[in-house]
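**Q** Compute the structure for the input listed below.
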Amino acid sequence: MISERENLMDSQMTGARSEPWYRQGWPWFLMALPATAVVAGIATWIFAQTSWDGLVSDDYYKDGQSVVQVVDRLEHAREMGLSARARVRDGAISIELSAAQEGDLPAMLYLTIVHPTHSGSDQQVALQRGEDGLYLGEIAPLRAGRWSFRLEDSLKSERELKNKSQSWRMDGIANLPMETEILLEPFNS
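**A** Here you go, the predicted model:
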């Protein structure tokens, strides 16, 4: 049997006292590394669940099929000599539309405002032609960033249009709030 005196001499010779593991720093340090990864993973999962923005487009295949029809509508706008300037101001938008022939201007336009990554922020606005020739409409406030503007004479989808040669479309892009005047032209997007 080992006496206390021998035990004391043993510990003095090794220079360390025997302490329980939970009173030493290294086990806690080594456990903190995986624990940090677990906490960061949980925080990332919570962030991903609360800020999911969804898909911008649900049906990529049908969108791809309608590209040819969109090009036809852009070409028709080009043939009509259409161009437009949109001005965004405090919850309102005004559009000045010009054509090669004044009689080609419709009484109502439809504007679609699309954010590239936040589909919940997209808007569709019907614009009525006023006495002064400007098309006016109200919009929800737009957050800072890059926005796409699509101006059409009909809200029907590319597949629903019966006479595609009579329908037109123009597109424009703006970085808000720096650009408050947007040029809409019939270019291929």
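
**Q** Please tell me I have it right and residue 107 contacts residue 126.
**A** No - between residue 107 and residue 126 there is no contact under Cβ atoms under 8 Å: 10.8 Å. Just so you know, the C-beta spots here come from the backbone N, C-alpha and C atoms, and that holds for glycine as well.

**Q** neighbour-wise, which of those two wins?
**A** Taking other Cβ atoms under 10 Å, residue 107 and residue 126 do not tie; residue 126 has more neighbours (12 against 9).

**Q** Tell me how far that one lies from residue 111.
**A** As judged by Cβ to Cβ, to the nearest Å, residue 126 and residue 111 stand 8 Å apart.

**Q** what residues are shared contacts of these two?
**A** Common contact partners of residue 126 and residue 111 (Cβ atoms under 8 Å, 6 or more residues apart in numbering): residue 137.

**Q** Could you check the pLDDT of the residue positioned nearest the centre of the chain?
**A** Centroid check for the chain by Cα atoms, centre = their mean gives residue 117 as the closest residue, at 1.8 Å. Note for residue 117: predicted pLDDT of 87.

**Q** if I look at it, how far off is residue 147?
**A** Counting by Cβ to Cβ, the gap from residue 117 to residue 147 is 11 Å.

**Q** Over to residue 46?
**A** On the measure of Cβ to Cβ, residue 46 and residue 147 end up 29 Å apart.

**Q** Mind checking which of those two has more residues around it?
**A** Set side by side, residue 46 and residue 147 show more neighbours around residue 147, with 22 against 10, by other Cβ under 10 Å.

**Q** pretty sure the more buried one is in a helix, no?
**A** No - read with DSSP: H, G, I helix; E, B strand; the rest coil, residue 147 is strand and lies in no helix.

**Q** Any buried residues in stretch 101-114, and which?
**A** For stretch 101-114, a neighbour-count test (16 or more other Cβ atoms under 10 Å) marks 105, 109-114 as buried.

**Q** Out of these, the closest to residue 184 would be?
**A** residue 111 (8.9 Å; Cβ to Cβ).

**Q** Please tell me how far the closest residue to residue 114 other than its chain neighbours sits from residue 141.
**A** Once flanking residues are discounted, residue 114 sits nearest to residue 148: 4.5 Å by Cβ to Cβ, 6 or more residues apart in numbering. Remark: distance between residue 148 and residue 141 (Cβ to Cβ) = 17 Å.

**Q** quick one: which of those two has more around it?
**A** Counted by other Cβ under 10 Å, residue 148 and residue 141 do not tie: residue 148 has more neighbours, with 16 against 9.
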